[in-house]
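A.B. asks: I'd like to go over a predicted model; first the sequence, then the structure.
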There are 2 protein chains.
Amino acid sequence: MQQENRKEQIIRVAAKLFKEKGYSAVTMRDLASSLGIKAASLYNHINSKQDILKSIIISIAEEFTEGMNVIQVSNNSSIDKLKQIVKLHVTISSQNIYGMASLNNDWMHLEEQLEYYLKLRYDYEDDFRNIIKQGIASNEIKDEKLDLMLFSMLSTLRSLYLWIPKKEDLNPKELADNLSNILINGINK
Amino acid sequence: MQQENRKEQIIRVAAKLFKEKGYSAVTMRDLASSLGIKAASLYNHINSKQDILKSIIISIAEEFTEGMNVIQVSNNSSIDKLKQIVKLHVTISSQNIYGMASLNNDWMHLEEQLEYYLKLRYDYEDDFRNIIKQGIASNEIKDEKLDLMLFSMLSTLRSLYLWIPKKEDLNPKELADNLSNILINGINK
DNA sequence: AATACTAACTAACAACTGTTAGTTTGGTTT
DNA sequence: AAACCAAACTAACAGTTGTTAGTTAGTATT
């Protein structure tokens, strides 16, 4: 296990604060005092507040893109691909609880990277939609309200970062299985 | 239809800005310039920035509480109560798109009313959980992963404010029916 | 022993923050 | 015409913001 340097530590603590209060409400003095140093000292390690946000969000967004690319080229059924997507979200979210909060809530404060982020996000949703579409074509999935099905699944998956921390005893594989079951089969007996 | 006074207009425009950038990132000068006036002029109508946030969030939170109370005392089956909850979310969300964003993302910036808000939220979730529980007891709903079922449904319902604006032709009743079907029966054919 | 590097510090900056005080304007009521 | 009032304005405030410059102390390298 690689050990964390000061820059990584700053970014990790920043992500935690961003989750609690949002990017705009966290000051560099807040961040510094969480680390036991003065605000000016942060600049020995990072370029700007903006840059911290970028580091947090873009790396996670790219993880999702890479994960989706792997899923797409697999030869699984559409339902199995959806299960893989659920697992991807559970895995990334449980490893980046704080970062996922920034990704969901503070992406609009990206500046130079905003456009790039939006493209990754849009492409991801498009790939997701196409997997459902293929499932409809292959008769695995109901042929109704494609966009609503997409929205419903994606909303749940994007909120995982809020729910996972409440469960002390988390087994990611088990969570992914159970969640897949609920999203695919519903709650009806 | 009652006509909007200046205070209501300020709160409405504020909610829109809060949705776009978050409460902390919106300045009183931003808000004023959206209304074509100077920041100081806002204070002829409102007490403080805090107070605007409070007005937005608390009124919606109370609407949810009232809606839940009506659903609870009805004599419907658990599944029908869940359908009523979906309808409640669709109705309130489609009438308060901007306010729902503040409720979801900026509640932590409430000060005096934070505790009250958290109580309303906690009680609402508890009532929701109990309705599912009753559905399990009456054999309507699968007896597994109660909390995960609750989380999954609630995540989707709480994200409606992000999705509704993308659908130009919104029929709230139809959306509620379709969403209920997906949440209850899943997407599997 | 001399040098360089890392990571902290103090001090300061210009811009921006929410908010208050006091004033002006234009329309409505006496 | 006089008085009133709602709603805008200008000017200013004290505090906070992200960031820079220059300095210092401790550690590692030559």
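C.D. replies: Great, that's in hand. For clarity, every value in this text was computed on a predicted model and none was experimentally measured. Numbering: from 1, shown residues only, chains lettered A, B, ... in the order given.

A.B. asks: so who does the spatially most central residue of chain A touch?
C.D. replies: In chain A, the residue lying closest to the centroid (C-alpha atoms, centre = their mean) is A:Met100, at 4.5 Å. When contacts are counted by C-beta atoms under 8 Å, 6 or more residues apart in numbering or on different chains, A:Met100 touches A:60, A:92-93, A:158, A:160-161. C-beta: built from backbone N, CA, C; applies to glycine.

A.B. asks: Equivalent analysis for A:Thr91, please.
C.D. replies: Going by C-beta under 8 Å, 6+ apart, A:Thr91 touches A:172, A:176.

A.B. asks: circling back: inside helices: which ones of the contacts of A:Met100?
C.D. replies: Members of those lying in helices (criterion: DSSP state H): A:60, A:92-93, A:158, A:160-161.

A.B. asks: Check what contacts stretch A:137-144 and list those residues.
C.D. replies: Under C-beta under 8 Å, 6+ apart, the answer for stretch A:137-144 is A:77-79, A:132, A:135-136, A:149, B:178, B:187-189.

A.B. asks: so where's chain A shaky on pLDDT?
C.D. replies: A:1-3 (pLDDT under 70).

A.B. asks: mind running it again at 80?
C.D. replies: Applying pLDDT under 80 to chain A flags the ranges A:1-4, A:168, A:189.

A.B. asks: now the helices for it?
C.D. replies: A:6-21, A:28-35, A:39-42, A:49-73, A:78-95, A:97-105, A:114-137, A:146-158, A:160-163, A:172-185.

A.B. asks: And A:Asp127, how far from A:Val70?
C.D. replies: A:Asp127 sits 11 Å away from A:Val70, going by C-beta to C-beta, to the nearest Å.

A.B. asks: sorry, that was for A:Ile79
C.D. replies: Distance from A:Ile79 to A:Val70, by C-beta to C-beta: 17 Å.

A.B. asks: Between these two, which is the more surrounded one?
C.D. replies: The neighbour comparison of A:Ile79 against A:Val70 (other C-beta atoms under 10 Å in any protein chain shown) goes to A:Ile79, with 18 against 10.

A.B. asks: And the closest residue to that one other than its chain neighbours, its phi and psi?
C.D. replies: Once flanking residues are discounted, A:Ile79 sits nearest to A:Glu140: 5.1 Å by C-beta to C-beta, 6 or more residues apart in numbering or on different chains. Main-chain dihedrals, A:Glu140, degrees, to the nearest 10: phi -90, psi -30.

A.B. asks: mind listing what's buried in stretch A:172-183?
C.D. replies: A:175-176, A:178-183 (16 or more other C-beta atoms under 10 Å in any protein chain shown).

A.B. asks: now do stretch A:102-114
C.D. replies: Across stretch A:102-114, burial judged by 16+ other C-beta under 10 Å covers A:102-107, A:109-110, A:113.

A.B. asks: Just give me the closest of those residues to chain B.
C.D. replies: When those are compared for distance to chain B (C-beta to the nearest C-beta), A:Asn105 wins out at 5.6 Å.

A.B. asks: need the contact list for the closest one.
C.D. replies: Neighbours of A:Asn105 in contact, by C-beta under 8 Å, 6+ apart: A:22-23, B:22, B:105.

A.B. asks: And the furthest pair within the residues you listed?
C.D. replies: A:Tyr23 and B:Asn105 (11.4 Å; C-beta to C-beta).

A.B. asks: Could you tell me which residues touch both of these two?
C.D. replies: A:105, B:22.

A.B. asks: Show me what from chain A comes close to DNA strand C.
C.D. replies: By the rule C-beta under 7 Å from any atom of the strand, the part of chain A lying against DNA strand C is A:5-6, A:32, A:36-41, A:44-45.

A.B. asks: 10 Å - rerun?
C.D. replies: A:5-7, A:9-10, A:24, A:28-29, A:32-33, A:35-45 (C-beta under 10 Å from any atom of the strand).

A.B. asks: Buried ones among those residues?
C.D. replies: So, by 16+ other C-beta under 10 Å, the buried ones in those are A:10, A:24, A:28, A:32, A:35, A:42, A:45.

A.B. asks: Dump these to a markdown table, plus distance to chain B.
C.D. replies: As requested, these are exported to a markdown table (distance: C-beta to the nearest C-beta, whole Å):
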| residue | distance to chain B |
| --- | --- |
| A:Ile10 | 21 |
| A:Ser24 | 4 |
| A:Met28 | 14 |
| A:Ala32 | 18 |
| A:Leu35 | 21 |
| A:Leu42 | 20 |
| A:His45 | 24 |
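
A.B. asks: Just put the residues you listed in JSON lines and tack on distance to A:Tyr117.
C.D. replies: JSON lines is the format used below for those (distance: C-beta to C-beta, whole Å):
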{"residue": "A:Ile10", "distance to A:Tyr117": "21"}
{"residue": "A:Ser24", "distance to A:Tyr117": "17"}
{"residue": "A:Met28", "distance to A:Tyr117": "23"}
{"residue": "A:Ala32", "distance to A:Tyr117": "27"}
{"residue": "A:Leu35", "distance to A:Tyr117": "27"}
{"residue": "A:Leu42", "distance to A:Tyr117": "24"}
{"residue": "A:His45", "distance to A:Tyr117": "23"}
